[in-house]
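Trainee: Give me a model of this one.
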Amino acid sequence: MDENQRTHGPIPRTTMERLPGYLNFLRMKTGPEYERISSTVIAQEMNLSAITVRKDLACIASGRPRVGHRREELIERITEVLGSGECSTAVLVGVGNLGHALMCYKGFEHYGMQILAGFDVDSRVVGSEINGKTVYHINNLYSFIQKNGTSIGIIAVPAPCAQEVCDRMVAAGIRGILNFAPAHLRAPANVVVRHEDFAVSLALLAVSMEKQS
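Mentor: Sure thing, here's the model as predicted:
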């Protein structure tokens, strides 16, 4: 049996949120000294609590005491948990500066994600291509999602437009929404909504810095 095979129950959300960081770290450590790696080493080099790392890895793998985990097998296990084995597709609404950057971002492919297309109402961008992906008018959102079976939507529109976009996505069959608009969204209980607010993140960072000073 693969010593990194998971033997436990559901993975806590906080652990899931830290897994991409572990994955990026492990991919960077390519020397022979990292053929096996312990949770203690990961914690020290990532400036995390050793207990936190040990508990996180225990949720997905079973390394050997005093020996640690095989790096390559741990990478495979994390990518499996994150869903990189199967490609998930998404659509993006709001092709402004942020939306354009997201459509050009290459990092999604490392986690089995692909943005299929962008949608907007601005005639200056509708019909154009960004990173090989077509930008359609928002009125084509429903038919595109129905045709392609996409289940994830990304919202990068101004706050006043976010709820309408959310409603359109839900009506088309979207089951997961990543919202970059600074607005609270109302969605059915069976639709997962995650909010990403850069301003809030910066404010929290400033508060954390003040507490450490």
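
Trainee: what about the residue lying closest to S151 once chain neighbours are set aside, how many neighbours?
Mentor: Once flanking residues are discounted, S151 sits nearest to R175: 4.8 Å by CB to CB, 6 or more residues apart in numbering. Heads up, the C-betas are built off the backbone N, CA and C, glycines and all. Using other CB atoms under 10 Å, R175 has 15 neighbouring residues.

Trainee: Run through the residues that contact R175.
Mentor: S151, I152, N190, V191, V192 (CB atoms under 8 Å, 6 or more residues apart in numbering).

Trainee: The same query, at a cut-off of 7 Å, please.
Mentor: By CB atoms under 7 Å, 6 or more residues apart in numbering, R175 lies in contact with S151, N190, V191, V192.

Trainee: Neighbour-wise, which one of these leads?
Mentor: Ranking these using other CB under 10 Å puts V191 first, with 17 neighbours.

Trainee: Show residues contacting the lengthiest strand in the chain.
Mentor: Counting by DSSP state E, the longest strand found in the chain is strand 113-120. In this structure, residues lying in contact with strand 113-120 by CB under 7 Å, 6+ apart are 87-95, 99, 102-103, 108, 126, 130, 133-138, 140-141, 144, 148, 150.

Trainee: Narrow those to those in helices?
Mentor: Mapping these onto helices (DSSP state H) picks out G99, L102, M103, L141, F144, N148.

Trainee: Provide a ChimeraX selection command restricted to the buried entries of these.
Mentor: Buried members of the ones in helices among the contacts of strand 113-120 can be picked out in ChimeraX with the line below, counting by 16 or more other CB atoms under 10 Å:
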select :99,102,103,141,144
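
Trainee: of all the ones in helices among the contacts of strand 113-120, which comes closest to L74?
Mentor: The closest of the ones in helices among the contacts of strand 113-120 to L74 turns out to be L102 (CB to CB; 28.7 Å).

Trainee: Give the burial count for P12, as a bare number.
Mentor: Applying other CB under 10 Å, I find that P12 has 12 neighbouring residues.

Trainee: ok, now how distant is it from V200?
Mentor: 22 Å (CB to CB, to the nearest Å).
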